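> Just need the structure, nothing else, for what follows:
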Amino acid sequence: MNDNTMYIPGGKRTAAIVLAAGRGKRMGSDTPKQFLHLPASGDGGRESVMVIERTLEVFEKSPCIDEILLVTGEDWVDFCRKEVVAKNGFQKVTKVLTGGKERYDSVYAGLLACPDADYVLIHDGARPFVTEEILERVTEAVQKYGAAAAGVPSKDTVKIVDEEGFAASTPDRRLVWNIQTPQAFSYPLIRSAYEIVREGNMSGITDDAMVLERSRLARVKLVMGSYGNSKITTPEDLGMLL
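Numbering: from 1, shown residues only. Predicted structure coming up:
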């Protein structure tokens with residue numbers, strides 16, 4: 001898809017599951033990272049905007065997305081309904097759900113809540129710099145391949161280490177990507193993959209592409225994200241934006 005091409009939705013229903021249930025342990029703040037504030041850059045006259053607000057705004061405005069399911073912590077459900085969804089007038093957010101103990105539990109809760117979707121995009125709420133162009137690329141790819149994930153080629157040489165911390169091997173950098181979200185799937189495919197993998201050991205699973213990999217139901221097509229599509233995880237991440 002080139003810059004002059006307008007994305008035309010394929011006529012099937014696409015839901016977005018936006019994850020905002022993280023507790024932000026690595027941020028070292030009493031407030032989860034998705035509810036911290038960023039400079040608003042003059043947007044709408046606001047001085048600051050919550051991370052989750054900026055994330056949801058992109059999905060709300062996107063013609064690729066029909067429905068948004070916001071998954072958050074139990075203590076933050078009412079806050080999200082009143083101070084995030086209602087206050088911003090997000091019309092596409094149809095449900096605010098309670099997440100689970102682990103990320104994959106929260107994703108599964110979202111999947112159970114959108115059984116009528118044909119495709120589902122899964123995105124980290126603490127990744128606020130996703131763009132419409134990225135949404136278009138992953139949506140186009142999922143309609144073609146059934147599974148797609150945003151990512152960027154690694155700029156750095158990557159080392160595989162042994163259990164003692166010594167360099168064991170060096171993968172070809174041309175084949176190494178840093179994976180991002182959104183990740184997009186045919187709904188029946190990712191639902192089946194989750195149900196297969198949940199019957200076994202889900203330890204070590206850090207994204208939804210891994211769920212599909214473990215289920216062996218299909219391969220995931222990688223599409224170009226953006227080096228700016230970073231996730232806010234530590235105080236250093238937030239400090240670079242202030």
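
> Quick check: next helix or strand after the longest strand that the chain contains?
The single longest strand within the chain, with elements called by DSSP state E, is strand 177-186. The helix or strand immediately downstream of strand 177-186 is helix 187-197, counting by DSSP states H and E.

> Report the distance from the next helix or strand after that following helix to the chain centre.
As assigned by DSSP H and E, the chain's next helix or strand after helix 187-197 is helix 208-215. When distances are taken as CA atoms, centre = their mean, to the nearest Å, helix 208-215 is centred 15 Å away from the chain's centroid.

> For G200, give me its contacts.
Contact analysis of G200 by CB atoms under 8 Å, 6 or more residues apart in numbering lists R214. Bear in mind the C-beta positions are built from the backbone N, C-alpha and C, glycine included.

> ok, which stretches of the chain are strands?
Under DSSP E, the chain gives strands at 14-20, 37-39, 48-50, 67-72, 93-98, 119-124, 147-153, 160-161, 167-169, 177-186, 221-224.

> Centre of the chain to the fourth one, how far?
Averaged C-alpha coordinates place strand 67-72 at 11 Å from its chain's average position (CA atoms, centre = their mean).

> now do the last one
Relative to its chain's centre, strand 221-224 lies at 14 Å (CA atoms, centre = their mean).

> Then the longest one?
In terms of CA atoms, centre = their mean, the centre of strand 177-186 is found 7 Å from the chain centre.

> Quick check: mean pLDDT of it?
Mean per-residue pLDDT for strand 177-186: 98.

> From the contact counts, what lies against that strand?
Applying 3 or more CB pairs under 8 Å, 6 or more residues apart in numbering; DSSP states H and E, we find strand 177-186 packed against strand 119-124, helix 132-145, strand 147-153, helix 208-215.

> export the last one as PDB, just CAs?
So that's helix 208-215. Output of helix 208-215 as PDB, limited to C-alpha atoms (Å, rounded to 0.1, in the frame of the first residue of the first chain):
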ATOM      1  CA  ASP A 208      -0.400 -13.100  20.600                       C
ATOM      2  CA  ALA A 209       1.800 -14.200  17.700                       C
ATOM      3  CA  MET A 210       3.400 -16.600  20.100                       C
ATOM      4  CA  VAL A 211       0.000 -18.100  20.900                       C
ATOM      5  CA  LEU A 212      -0.500 -18.800  17.200                       C
ATOM      6  CA  GLU A 213       3.100 -20.100  16.900                       C
ATOM      7  CA  ARG A 214       2.500 -22.600  19.700                       C
ATOM      8  CA  SER A 215      -0.800 -23.700  18.300                       C
END
